[in-house]
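K.L.:
Based on what follows, work out the 3D shape:
(chains A, B, C, D, E and F)
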There are 6 protein chains.
Amino acid sequence: MDITTKEMAQMTWQEIEQCIKEGYGIILPIGSTEQHGPALPISTDAICAREVSLGAAENTKMLVAPTIQYGYRSRPLSGGGATFPGTTNLSGHTLICVIEDILEEFARMGFKKVVVLSMHMENQNFIYEGSYLVSRRHPDMKIMVMESAFGDIQENIMDVLFPDGFPGWAREHAACMEVSIMLYRHPELVHFDRAVNDNSEEYPFYDVLPPDPRFFTKSGTLWHAREATIEKGKLIWEEIIKQAGAAINKEFPI
Amino acid sequence: MDITTKEMAQMTWQEIEQCIKEGYGIILPIGSTEQHGPALPISTDAICAREVSLGAAENTKMLVAPTIQYGYRSRPLSGGGATFPGTTNLSGHTLICVIEDILEEFARMGFKKVVVLSMHMENQNFIYEGSYLVSRRHPDMKIMVMESAFGDIQENIMDVLFPDGFPGWAREHAACMEVSIMLYRHPELVHFDRAVNDNSEEYPFYDVLPPDPRFFTKSGTLWHAREATIEKGKLIWEEIIKQAGAAINKEFPI
Amino acid sequence: MDITTKEMAQMTWQEIEQCIKEGYGIILPIGSTEQHGPALPISTDAICAREVSLGAAENTKMLVAPTIQYGYRSRPLSGGGATFPGTTNLSGHTLICVIEDILEEFARMGFKKVVVLSMHMENQNFIYEGSYLVSRRHPDMKIMVMESAFGDIQENIMDVLFPDGFPGWAREHAACMEVSIMLYRHPELVHFDRAVNDNSEEYPFYDVLPPDPRFFTKSGTLWHAREATIEKGKLIWEEIIKQAGAAINKEFPI
Amino acid sequence: MDITTKEMAQMTWQEIEQCIKEGYGIILPIGSTEQHGPALPISTDAICAREVSLGAAENTKMLVAPTIQYGYRSRPLSGGGATFPGTTNLSGHTLICVIEDILEEFARMGFKKVVVLSMHMENQNFIYEGSYLVSRRHPDMKIMVMESAFGDIQENIMDVLFPDGFPGWAREHAACMEVSIMLYRHPELVHFDRAVNDNSEEYPFYDVLPPDPRFFTKSGTLWHAREATIEKGKLIWEEIIKQAGAAINKEFPI
Amino acid sequence: MDITTKEMAQMTWQEIEQCIKEGYGIILPIGSTEQHGPALPISTDAICAREVSLGAAENTKMLVAPTIQYGYRSRPLSGGGATFPGTTNLSGHTLICVIEDILEEFARMGFKKVVVLSMHMENQNFIYEGSYLVSRRHPDMKIMVMESAFGDIQENIMDVLFPDGFPGWAREHAACMEVSIMLYRHPELVHFDRAVNDNSEEYPFYDVLPPDPRFFTKSGTLWHAREATIEKGKLIWEEIIKQAGAAINKEFPI
Amino acid sequence: MDITTKEMAQMTWQEIEQCIKEGYGIILPIGSTEQHGPALPISTDAICAREVSLGAAENTKMLVAPTIQYGYRSRPLSGGGATFPGTTNLSGHTLICVIEDILEEFARMGFKKVVVLSMHMENQNFIYEGSYLVSRRHPDMKIMVMESAFGDIQENIMDVLFPDGFPGWAREHAACMEVSIMLYRHPELVHFDRAVNDNSEEYPFYDVLPPDPRFFTKSGTLWHAREATIEKGKLIWEEIIKQAGAAINKEFPI
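P.N.:
Okay, here's the model as predicted:
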């Protein structure tokens, strides 16, 4: 059978069977449904998780599973939190169960190489836990848990992206980097005219419940979105794809 | 703000806020990742759930939330079961939790009108349970649980679809109706050349575990896929959209 | 040891041990505690589940375990729902756990043939899920999941039972068939003088929460109870026992 | 409506509704399915729980709900443990859920007076926990948790029952008292010819897993069953009914 | 490596590894955070659990794990219940999970001998359940479940402790025995000047929810605390250590 | 009553009641039981969590609750992982439940100010989730979630601590900072003679299951422990206490 896609959603079971027999692994993209400021759609993380996975899969022997569209609770300090309409969160327990179930199914089908790839910071630890529970039962399956799709970005790229200094990944929510990426990848989904530079009153090293307005912004953009450009988007996107792809290729060499 | 889509995934939080203030409700599409025979992709149910929701939403005051891509365990008698690669199931517990979490979030945002719309037979009862748990806490929110997107089909349509007799919805898996719909909606995803007419050895009124090969087919198509045509697809699709839309409009009149 | 009953509840552990050694299987009856209209007791489903199991076990090598008296939430469209006093529901999670625990114990004891037999429509899927979870751990145990104790009824019997047309099993709740059966089996528990013919305002193909009075009846009888007779009860009962017994014998031949 | 039974299982929903309006409470009997030695059936606890409840209810304004037939894991030191065929245990989590669900339903129906009455020692604490969880949500409902149906037995009765000294309630499993009660109440279910006096090697104040044969007996009778008589059964039974009835009447005076 | 403590908390992983290789077992102390009357600190049970474990471990090949500081819900009849500030309870489900997780980890590390030692009566059954779940998966690990650290106390000791008669262990909460032990072990933590003799109005054989003030005391001391002395503390403490140590040595001989 | 401690464990319920009436809040310290290299005891995190809490509480109106001694699974990249004896992990679900239960109890007692303070990186998100679940039910209680007890450290302190450059907090496990702190606070628990400088082969931005020896070290020390000194310990400890105390005072001013 001649298979023309890496997106499992679009494949028949016989095509998937053939891939498994040929030693393919599988990437599970995990996003969120979370406010992304006035300029970006709430599925930004889900869109990115899917597309980073497809991009990274290009030169690997990896399929890409259907994206998990809902993620763990958006947190005020890195996502704006649950006070925004549209933000639709899973509980920690549910997210653990979802990952556990799906990876257990991958094991059942015979996949030996699995990548769990999240583009939503808050999914951290929960997706590790789901992976751990399955790994304990299937020690012959290797699971790569990418709570972030990339590591340190080279200084010269950072300088282009954040000429006035990098505020930290947590605050870079719905801001320069994400808007740039979406401008580059999905201009049709960006309302750049509504983009704002914003800034919360404080940046504590701890969190507070119920959410405290001092710690996030009214717009939902936690930093400077107006500094986004298509060029920055292309630059960082290609870097992310390169890093993610290299990491997967390193752990699962063809 | 001028809003040009009903797909919540593509909206900003401010657009969603505006819709809620204007009294909009929300449809949650639920599909599956399940083998659909040699001709159809495994996301057939998820694709249909999303598109039926969007179609039904057209003349209603309803948004459509991101689709739940994974559903309850495919069962041998109505979906072929878990022996096919690609079929990726959630447990009953997990599916209940997913529905409960998401509807709880809809309640938090202020939605008063919710439709849970599944295109995967096996999701039945689990999605009702998740809805029930939320309804108990939010009696002011009305939840419509569509475990099937449509009711009885008019005889004249059935005669066109199944000129040799209707085998029952359970057996109509990955067969004439679903292939017709996908030919009509997504010909690019259909391998009609691989479509088969198939037939399990027996059709019991009970189920058996572990799955018994007498009760399903090797191809994963449970009945006649080769009888599918674009015309049949158009006919049944429009009927489904009409029924789903009418039902939603009846329960949630504008 | 000479064993004179098939009802496990009444047996000593040594008798059960002997049966297991002789290759016996076991039927687990599952009922409900649910309103059954003005004429029938709320344990109708539990009584029937136990007695169908005993009847079907007669010519098989099957014991019958103590009945699970409480089932999944009564639903408005097929059971009247949770607005009636007396209706006492388990959640989906609890019912799954109950089935899982009990079947796990059957596995521990050494049973290799298990039948899960429900007489309450709403138990569907939850009892399958509990069975599935155990089956995955004990693939050498064969589990027959009877979410309904019978299949299609022969036309001539249906004509006797429903001379004016069959309203569908969902609506046949606390109506002609169940009252007939109870008149035949337990006349002492039937208040036939209170029996009514009833009819809900609408019969949608979807459900709504909170329960909508349009979709069920004030009496709790969803159709015609006054048409019940002992003769009809005998007719349908014997048919059910025959079908259930034949199915069990087919899957677990002596 | 003239109501002739206190057994909710046999009542219609309208009869139950009438009782609730008249201020009735409800007793939930909880038993077990557990080996009871060579002479007694495995449902001994369930039978007793139901009949004690009915007996105690006689002079109270209390209905009796359907019995929970399965209880928490039989323990070696007080029930023989899980090595006997027929013993069919629920996990602690499941039992908590069952109690919680059922009591929540009683609250929904409007019962304000609930008795949870167990005749299986191992149910202790789990049934309290289920009751606690519901009580926290429904502080206006009074729940009486009878982990034992009776307190101290008068010395003169104990002397008759155990002329050679009382071994403690834990060891009195499937022994003199239970066999006596069953001889009195259900002689048709007792194989007195098979009754034995037995005795485990040791009686530690702790437990051990996996079960240690030193701590229970091969017969499943933990003490002297041959000393049982109908007279002793009548004596202790009437005492139990009296104590349980008095306690319920004290907490829920008519 | 020369190891100078049995307290695992204070050991390095290499020391623990060495002990496991030498065949050491491990004791898991479980206490509570529960009111203990006007004279004792709320961690009395946790302190005692740790110290009994260390004392009993002295002549055994046993390490002592970090103490579980929080236990199951304090009950009115044996601990005063949840109406006292400071009492901080785990639910039954949580406690089962905690025990299950920790014992599973002991199994992973290679411990074959485990003692679960509770000094809080209400932990009963929940800690057994957690142990059971792990034992089922690791039948080669022997788990000793000490829901009480001691058995019957010799009459002559009881006479010294309770010259006016023994009220039963349940009522001996925050009273003579516990205050005596704390006076002997931790005089710095005892406010003996505030100690009271107290007495609830009634001592039923059942429990009631919400807690009924007739069944516990305002002080939280359920019996006579003023009768405590250091001497009594020494006497009973040494007896407890002796019994616990002997039991552990018996089950896990060096 | 004159109260001389802030450690709730050592207080009577009446003292706690008095503090609550006076408006006190409460800090819940959360540690771990996790390998800390050849020089440090496995309870290092638990010891530090307790002592940071007590130190930070000094000038605040805060009590300190008993420490949670067990934390979420040690991860290879920041704690060495589960391959070391002594490391005793809770699952994510269990840790969520523990936090949820305890905070729910704080709410019950009337605390309005709660600090959850963890000294174990892996507890992140799970303790937030437990806190969130309680916050949703008790919006009048303010919960401060300190997944780290401190924020950025001033450059001049970092220069003293890490003259050769800072490897990142994740790798600073069982290394210079923790050994320094323990040398300063608990020299009696440190085996400095066994301390090593170590270094894993690789430092990926993702994780892998089962744990990959390339990503952690044989010693369990992830960086340079031999560079620890008492002076460094004093320096960083005082900084941590200062930061934690200031943050708590800011959120909960006296």
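
K.L.:
Just give me how far stretch A:19-26 sits from the chain centre.
P.N.:
Centre-to-centre, stretch A:19-26 and its host chain are 23 Å apart (CA atoms, centre = their mean, to the nearest Å).

K.L.:
Can you confirm whether it lies near chain F?
P.N.:
No: using CB under 8 Å from any CB of the partner chain, stretch A:19-26 never reaches chain F; the gap is at least 12.8 Å. In short, each C-beta sits where N, CA and C put it, glycine included.

K.L.:
Please save the CA atoms from that stretch in CSV.
P.N.:
Only the C-alpha atoms of stretch A:19-26 are listed here, as CSV (Å, rounded to 0.1, in the frame of the first residue of the first chain):
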residue,chain,number,x,y,z
CYS,A,19,3.4,1.2,9.3
ILE,A,20,3.6,-0.6,12.7
LYS,A,21,5.0,-3.7,10.9
GLU,A,22,7.6,-1.4,9.3
GLY,A,23,8.7,-0.2,12.8
TYR,A,24,7.0,3.2,12.8
GLY,A,25,6.5,5.0,16.1
ILE,A,26,3.8,7.6,16.9
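
K.L.:
what comes up buried for it?
P.N.:
A:19, A:20, A:24, A:25, A:26 (16 or more other CB atoms under 10 Å in any protein chain shown).

K.L.:
pLDDT wise, what is the closest residue to chain D within the stretch 1-150 of chain A at?
P.N.:
In the stretch 1-150 of chain A, the residue that lies nearest chain D is residue A:93 (14.2 Å; CB to the nearest CB). Note on residue A:93: pLDDT of 98.

K.L.:
what are the ranges of the helices in the stretch 151-254 of chain A?
P.N.:
A:155-161, A:176-185, A:230-251 (DSSP state H, counting those that start in this stretch).

K.L.:
Measure how far the first one is from the centre of its chain, please.
P.N.:
Centroid displacement of helix A:155-161 relative to its chain, using CA atoms, centre = their mean, is 21 Å.

K.L.:
And the longest one, by the same measure?
P.N.:
Here the centre of helix A:230-251 is set off from its chain's centre by 13 Å, with CA atoms, centre = their mean.

K.L.:
which residues sit against stretch A:133-144?
P.N.:
For stretch A:133-144, the external contacting residues (CB atoms under 8 Å, 6 or more residues apart in numbering or on different chains) are A:96, A:99-100, A:103-104, A:106-107, A:111-116, A:131, A:247-248, A:251-252, F:91, F:206-210.

K.L.:
list the contacts for the closest residue to residue A:176 other than its chain neighbours?
P.N.:
Spatial nearest neighbour of residue A:176, chain neighbours left out: residue A:227 (4.6 Å); criterion: CB to CB, 6 or more residues apart in numbering or on different chains. Residue A:227 sits next to A:175, A:176, A:197 when contact means CB under 8 Å, 6+ apart.

K.L.:
Throw these into a markdown table and include pLDDT, neighbour count and distance to residue D:236, thanks.
P.N.:
Formatted as a markdown table, the contacts of residue A:227 follow (pLDDT from 0 to 100; neighbours: other CB atoms under 10 Å in any protein chain shown; distance: CB to CB, whole Å):
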| residue | pLDDT | neighbour count | distance to residue D:236 |
| --- | --- | --- | --- |
| A:175 | 95 | 28 | 77 |
| A:176 | 96 | 27 | 81 |
| A:197 | 97 | 14 | 82 |
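
K.L.:
which among those gets closest to residue D:241?
P.N.:
The shortest approach to residue D:241 among those belongs to residue A:175, at 73.6 Å (CB to CB).

K.L.:
Does that closest one touch residue A:220 like I think?
P.N.:
No: look at residue A:175 against residue A:220 with CB atoms under 8 Å: they stay out of range, at 10.2 Å.

K.L.:
quick one: contacts for residue A:121?
P.N.:
A:78, A:79, A:147, A:148, A:169, A:170.

K.L.:
Now the phi/psi pair for it, please.
P.N.:
phi -50, psi -40 (degrees, to the nearest 10).

K.L.:
Name the nearest residue to residue A:13, sequence neighbours excluded.
P.N.:
residue B:35 (3.7 Å).

K.L.:
burial count for that neighbour?
P.N.:
32 (other CB atoms under 10 Å in any protein chain shown).

K.L.:
quick one: it and residue B:82 touch, right?
P.N.:
No: the criterion here is CB under 8 Å, and residue B:35 misses it with residue B:82 at 9.4 Å.

K.L.:
Next, show the common contact partners of these two.
P.N.:
residue B:74.

K.L.:
thinking again about what came up before, got a markdown table for the helices of the stretch 151-254 of chain A, with distance to residue F:185 too?
P.N.:
Below are those laid out as a markdown table (distance: least, CB to CB, whole Å):
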| stretch | distance to residue F:185 |
| --- | --- |
| helix A:155-161 | 38 |
| helix A:176-185 | 41 |
| helix A:230-251 | 39 |
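
K.L.:
circling back to that earlier point, any chance of the contacts of residue A:121 in TSV with distance to residue D:59 as columns?
P.N.:
Below are the contacts of residue A:121 laid out as TSV (distance: CB to CB, whole Å):
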residue	distance to residue D:59
A:78	64
A:79	62
A:147	65
A:148	70
A:169	71
A:170	68
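
K.L.:
what ranges of chain A fall below the confidence cut-off?
P.N.:
Scanning chain A for pLDDT under 70 picks out nothing.
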